[in-house]
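> Could you look at this predicted model? Sequence included:
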Amino acid sequence: MDGNGRWAQAQGLERLKGHYEGAEALKRIVQASVELGIEYLTVYAFSTENWSRPVEEVKGLMFLLRHHLTAGLNDLMKNNIKLKVIGFLDKLELDLQEVINQAVNKTSQNTGLTFCIAFNYGGRAEIVEATKKIAEKIKSEELKIEALTEEVFAQHLLTRDLPDPDLFIRTSGVSRLSNYLLWQMAYTEMVFSNTHWPDFKKEDLIDAITQYQQRERRFGKIAS
Ligand code: IPE
Ligand code: MG
């Protein structure tokens with residue numbers, strides 16, 4: 001979800017206003033995903049690198065997560081949405097960890113859209129953490145080196161209970177991954193949109209899905 005800051009600056013507003021509007025856009029896209037019957041939606045809300053932003057902006061992003069997980073919990077329940085949060089959550093303030101755990105637990109039995117927020121998430125750090133866990137298991141002989149497959153490795157990632165993404169969308173005319181789901185996106189189709197995230201609407205989502213549907217996914221094989 002990129003372009004909140006530029007959206008705000010373009011209209012002479014503070015960057016934080018862009019994040020507020022970005023959160024509203026996210027609510028609309030979650031709703032649209034429910035309506036379209038999408039099974040999994042994962043959004044990148046805060047990266048391990050975003051701590052280097054001005055402290056007021058970091059605080060604002062933390063506030064937004066806290067606020068929407070509290071005020072929006074009823075909507076998640078009403079829409080049968082199962083919430084997940086992936087990232088290094090132990091680095092967040094304790095009360096925010098509490099709010100996250102409550103929302104995740106309350107929605108854990110829901111069976112509709114799985115909505116996953118990547119927060120204080122970083123792909124490289126995730127891979128290093130998985131490697132450490134695996135190394136421990138090998139050291140303690142819980143796991144044999146020969147038994148380490150791609151599937152076993154993936155089971156040590158934060159996304160262990162999510163499928164690899166079919167479609168990746170990045171907004172606001174930026175064409176890079178920025179440390180997002182590095183392992184998981186080996187064969188993901190990518191769509192880049194020029195729209196700033198606060199302006200991203202259901203039609204834009206449908207447009208991205210339409211582009212996806214026109215792609216031929218070969219997974220390294222040749223067309224049949
Ligand atoms: C949102 O957009 C991404 C978040 C960290 C929430 P940006 O804050 O990156 O917006 P730009 O790139 O400065 O426009
Ligand atoms: Mg950005």
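Okay, I see it. Ligands and ions are numbered 1, 2, ... in the order given.

> Okay, helices next: where are they in the protein?
Taking DSSP state H, the helices of the chain run over residues 4-10, 15-36, 55-71, 73-78, 94-106, 123-139, 150-154, 202-213.

> Could you give the number of residues near E98?
Look at E98: counted by other Cβ atoms under 10 Å, it has 12 neighbours. For the C-beta atoms, the positions are set from N, CA and C on the backbone; glycine is no exception.

> Mind pulling up the pLDDT for it?
Predicted confidence (pLDDT) for E98: 98.

> what residues are up against it?
By Cβ atoms under 8 Å, 6 or more residues apart in numbering, E98 lies in contact with nothing.

> list the contacts for the one residue in the chain that gets nearest to ligand 1?
Nearest residue of the chain to ligand 1, counting by Cβ to the nearest ligand atom: G5, 2.6 Å away. Contacts here follow Cβ under 8 Å, 6+ apart; on that basis G5 touches 15, 18-19.

> again, but for L148
So L148 contacts 134, 138 (Cβ under 8 Å, 6+ apart).

> list the contacts for H156?
129-131, 133-134.

> Of the contacts of G5, which ones also sit close to ligand 1?
Filtering those for proximity to ligand 1 by Cβ under 6 Å from any ligand atom leaves H19.

> among the contacts of G5, who's most crowded?
G18 (24 neighbours).

> what residues are up against it?
Contact analysis of G18 by Cβ under 8 Å, 6+ apart lists 3-9, 196, 198.

> Tell me the buried residues within the residues you listed.
For the contacts of G18, a burial check counting by 16 or more other Cβ atoms under 10 Å picks out 3-8, 196, 198.

> Check what pLDDT the nearest residue to T48 once chain neighbours are set aside gets.
Leaving aside its chain neighbours, T48 sits nearest to G122 (3.3 Å; criterion: Cβ to Cβ, 6 or more residues apart in numbering). pLDDT, G122: 98.

> repeat for A223
We note a pLDDT of 87 for A223 in this prediction.

> how about the residue nearest to it when sequence neighbours are not counted, phi and psi?
Excluding its sequence neighbours, the residue lying closest to A223 (Cβ to Cβ, 6+ apart) is E216, at 6.2 Å. Here is the backbone geometry of E216 (degrees, to the nearest 10): phi -110, psi 110.

> Now for the residue minimising distance to the centre of the chain: which residues touch it?
Using Cα atoms, centre = their mean, the residue of the chain that lies closest to the mean C-alpha position is V43, 2.8 Å off. V43 makes contact with 1, 26, 115-118, according to Cβ under 8 Å, 6+ apart.

> 7 Å - rerun?
1, 26, 117-118 (Cβ atoms under 7 Å, 6 or more residues apart in numbering).

> And T159, by the same measure?
Contacts for T159 (Cβ under 7 Å, 6+ apart) come out as 86, 184.

> how does it look with 8 Å?
42, 86, 116, 181, 184.

> Tell me which two of those sit farthest apart.
Maximum pairwise distance among those (Cβ to Cβ): 11.2 Å, between C116 and Q184.

> Overlap in contacts, the two.
The contact sets of C116 and Q184 overlap at 159, 162 (Cβ under 8 Å, 6+ apart).

> sorry, back to before: what's the local residue count around the residue nearest to A223?
The tally of other residues near E216 (other Cβ under 10 Å) stands at 7.
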